[in-house]
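Trainee: Here is a sequence together with a model predicted from it:
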Amino acid sequence: MQGHIDTVLNVLSVKQQGETRYLEIELLPEFFALVVPQGSIALNGVSLTIARLEAKSFQVALISLTEELTNLSTLKTNDNINVEFDIIGKYILRYNSNKPTNNSSKISKEWLSEQGF
């Protein structure tokens with residue numbers, strides 16, 4: 001993560017399941033391409049992993065140590081949260097937007113797999 005704020009989004013829900021707290025965050029359509037399951041995202045400056053991705057939201061899981069050492073444990077439904085999307089996704093979008101529309105020149109899931117990602 002780079003330490004930048006890309007946007008501010010809304011906390012849709014906070015749910016406790018056993019030892020883990022789950023935050024569900026709204027996901028606006030213009031940011032959907034920047035979020036992938038098990039990808040990285042920073043919320044209020046804390047780098048986390050996407051636990052679940054839906055069409056209009058994503059979820060992150062907070063372990064007890066993360067809750068103890070960050071301000072994320074104080075979040076409630078309808079709170080705003082600073083969001084930074086993973087830099088790799090930003091580079092891929094930029095690369096694809098500067099290339100001709102010929103699909104063979106774009107980064108794809110297949111291309112990434114062939115490259116060992």
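Mentor: Ah, there it is.

Trainee: contacts, neighbours, all on C-alpha from now
Mentor: Will do.

Trainee: Report the buried residues of the longest helix along the chain.
Mentor: Secondary structure of the chain per DSSP state H: the longest helix is helix 87-97. Within helix 87-97, the residues scored as buried using 16 or more other C-alpha atoms under 10 Å are 89, 96.

Trainee: Counting by contacts, list what that helix packs against.
Mentor: Applying 3 or more C-alpha pairs under 8 Å, 6 or more residues apart in numbering; DSSP states H and E, one finds that helix 87-97 contacts no other helix or strand.

Trainee: let's see it at 10 Å
Mentor: In terms of contacts (3 or more C-alpha pairs under 10 Å, 6 or more residues apart in numbering; DSSP states H and E), helix 87-97 is packed against strand 40-43.

Trainee: Note down every partner strand of the strand it packs on and its orientation.
Mentor: Strand pairing for strand 40-43, using DSSP bridges, gives strand 46-53 (antiparallel), strand 80-85 (antiparallel).

Trainee: I'd like the next helix or strand past the longest helix of the chain.
Mentor: Tracing the chain past helix 87-97, the next element assigned as helix or strand by DSSP states H and E is helix 109-114.

Trainee: for the longest helix of the chain, the distance to its chain's centre please.
Mentor: For helix 87-97, the distance from its own C-alpha centre to the chain's C-alpha centre is 14 Å (C-alpha atoms, centre = their mean, to the nearest Å).

Trainee: dump the residue contacts of residue 81.
Mentor: Residues near residue 81 by C-alpha atoms under 10 Å, 6 or more residues apart in numbering: 5, 7-11, 25-26, 42-45, 72, 75.

Trainee: And residue 43, by the same measure?
Mentor: Residues near residue 43 by C-alpha under 10 Å, 6+ apart: 5, 8-9, 25, 60, 71-72, 81-85.

Trainee: Turn the residues you listed into a markdown table, including pLDDT and distance to residue 52.
Mentor: Rendered in a markdown table, the data for the contacts of residue 43 read as follows (pLDDT from 0 to 100; distance: C-alpha to C-alpha, whole Å):
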| residue | pLDDT | distance to residue 52 |
| --- | --- | --- |
| 5 | 91 | 21 |
| 8 | 97 | 19 |
| 9 | 97 | 16 |
| 25 | 98 | 10 |
| 60 | 97 | 7 |
| 71 | 92 | 21 |
| 72 | 95 | 18 |
| 81 | 97 | 18 |
| 82 | 96 | 19 |
| 83 | 97 | 16 |
| 84 | 95 | 17 |
| 85 | 92 | 15 |
